[in-house]
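K.L.:
quick one, fold the following:
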Amino acid sequence: MIGARLPLLIDIAIKHLAGRKRQSVVAVFGVAVGVGFFLAVSALMVGSQNDFITRLIDAAPHIVVTDEIRSPRPQPGTIAFPRGAVILRHFKTRTEARGIKDWPALVAAADAVPGTIASPSLSGGITLKLGGHEEALGVIGIDPEKETRVSTVESNLRAGHLRDLETTQGGLVVGEELAARLGVGMGDVVAATSASGATRSLRIVGLMKRGQTAIGDTSGYVLLREAQSLLERPFIINRIGIKLRDPYAADPVAKRLEARFGYKAQSWQERSSDILSVLVTRNVIMYTVVSAILLVASFGIYTAVSTSVSDKRRDIAILRSIGFSQGDLQLVFVIEGLIVALIGILLGWMLGFGLMSALGSLRFPIAGETQYLPLDHGARQYLIAATASLLAGIVAAWLPARKAARVDPVDILRGAA
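P.N.:
Residues are numbered from 1 along each chain as shown. Down below sits the predicted model:
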């Protein structure tokens, strides 16, 4: 029955809105502004968060396995008597050489995961000397071909390439700041001394951009076998970086590797747990604020429909007297709210797109490079804004519509007479 009357009810709702053009325009404008600013704010916040997480994931391998052990190895006494009341005191732990034992097996296990690449490395401390100047350097020995696929080191080079480590005897990549302090540049040679006293010459084949946390101010890269020779640790590595096809699978893969081999395996989620928890709080605050914008915009719909109910009391009584039910009248005013919300959403989408275009055109010089605001242009934000506005519009229109449906036509017509 309602379906047959629906075109008539829609026509009545449109005439009500057309009869109060100023209020209708104000209500539509309120919804449009709310949706537009919702899109602009959420695009900026979500875009910056996605950009931050992307940088966080790509800045380092998704999983880092080191030669550390989370828990001390059990003593032979506790192993021999697992159910006994055994207390061991004043024992001396055996000093073991640092390094990942049987690391090729660990690399093979990581590579067995589809879409995964593992890059072994060896890090240690050396001293660079040039003239009378000395600088401490944390040197990292790598396989350039694998490291390029695992980390963003190659993209952060100001000059040179990681593959130059393979083609240049004693090649070294350092940060621009360290190179400036030593007074060296591309192709210059510096003396390197390890803790054991081994000395050799290294040639600068790459410079890292300033402010890159991937290498730091006091770290540098050499070829893996060069580091093993310089640090006098042949065939030893103490770190394995692993990159996965799906970064969000890093945590379970890290746990499996640690359970199997015993070495500490940290996923990027574990390393950044504090930051990720802050982002959750940030999202709650963001959506609370932008939802408040849409809620305020819905008051315009409530005001417009409520005023329409008050002004159309005589019309409501006539409609009731000729056979329109309470549900019909309630639906009329809900349709008014829906029409206002739909038009406001369409205009709000256009306003939001314009605001995002304006924000996206802003340029900021950072570290000598021009960067733009990271914005999220996905359809998800448009759908959230539309859904929230429609729900708010329906509720805002339904509240005064209930009042219209309860009107007694006899009392109104008798009072008018």
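K.L.:
for the chain, which strand is longest?
P.N.:
When the chain is parsed with DSSP state E, its longest strand is strand 117-130.
K.L.:
next helix or strand past it?
P.N.:
Next helix or strand after strand 117-130 toward the C-terminus (DSSP states H and E): strand 133-142.
K.L.:
now do the buried residues in the next helix or strand after that next one.
P.N.:
Next helix or strand after strand 133-142 toward the C-terminus (DSSP H and E): helix 144-150. Buried residues in helix 144-150, counted by 16 or more other CB atoms under 10 Å: 144, 146-148, 150. To be clear about C-beta, it is placed using only N, CA and C from the backbone, and glycine gets the same treatment.
K.L.:
what is the nearest of those residues to residue 21?
P.N.:
Each of these was checked against residue 21 using CB to CB; the closest is residue 150, at 63.3 Å.
K.L.:
against residue 112, how distant is the closest one?
P.N.:
Counting by CB to CB, to the nearest Å, the gap from residue 150 to residue 112 is 16 Å.
K.L.:
if we can go back for a sec, chain center to the longest strand of the chain, what's the gap?
P.N.:
Centroid separation between strand 117-130 and its chain, computed with CA atoms, centre = their mean, to the nearest Å, is 31 Å.
K.L.:
same thing with stretch 374-389?
P.N.:
Its chain's C-alpha centre and that of stretch 374-389 lie 16 Å apart, by CA atoms, centre = their mean.
K.L.:
before we move on, what about stretch 33-43?
P.N.:
Remark: stretch 33-43 is offset 19 Å from the chain centroid, using CA atoms, centre = their mean.
K.L.:
then stretch 335-349?
P.N.:
Centroid separation for stretch 335-349 versus its chain: 32 Å, with CA atoms, centre = their mean.
K.L.:
stretch 289-305 now?
P.N.:
For stretch 289-305, the distance to the chain centre is 29 Å (CA atoms, centre = their mean).
K.L.:
give the buried residues for that stretch.
P.N.:
Quick answer for stretch 289-305 (16+ other CB under 10 Å): 290-291, 293-294, 297-298, 300-305.
K.L.:
kindly report the same for stretch 128-143.
P.N.:
For stretch 128-143, by 16+ other CB under 10 Å, it's 128, 135, 137, 139-143.
K.L.:
tell me which two of these sit farthest apart.
P.N.:
135 and 143 (25.4 Å).
K.L.:
what residues are up against residue 290?
P.N.:
Shown in contact with residue 290 (CB atoms under 8 Å, 6 or more residues apart in numbering): 37-38, 41-42.
K.L.:
what average pLDDT does the helix or strand in which it is found get?
P.N.:
If you go by DSSP H and E, residue 290 is part of helix 273-311. Per-residue pLDDT over helix 273-311 has a mean of 75.
K.L.:
adjust the sequence numbering to begin at 25 for everything that follows.
P.N.:
Got it, first residue is 25 now, which makes that one helix 297-335.
K.L.:
just checking, next helix/strand downstream of the host helix or strand of residue 357?
P.N.:
Element membership for residue 357, per DSSP H and E: helix 350-384. Next along the chain after helix 350-384, taking DSSP H and E as the criterion, comes strand 387-390.
K.L.:
related to what we said a few turns ago, okay, the buried residues of helix 168-174 in a markdown table with distance to residue 255 and pLDDT next?
P.N.:
A markdown table is the format used below for these (distance: CB to CB, whole Å; pLDDT from 0 to 100):
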| residue | distance to residue 255 | pLDDT |
| --- | --- | --- |
| 168 | 18 | 91 |
| 170 | 19 | 90 |
| 171 | 18 | 89 |
| 172 | 23 | 88 |
| 174 | 21 | 88 |
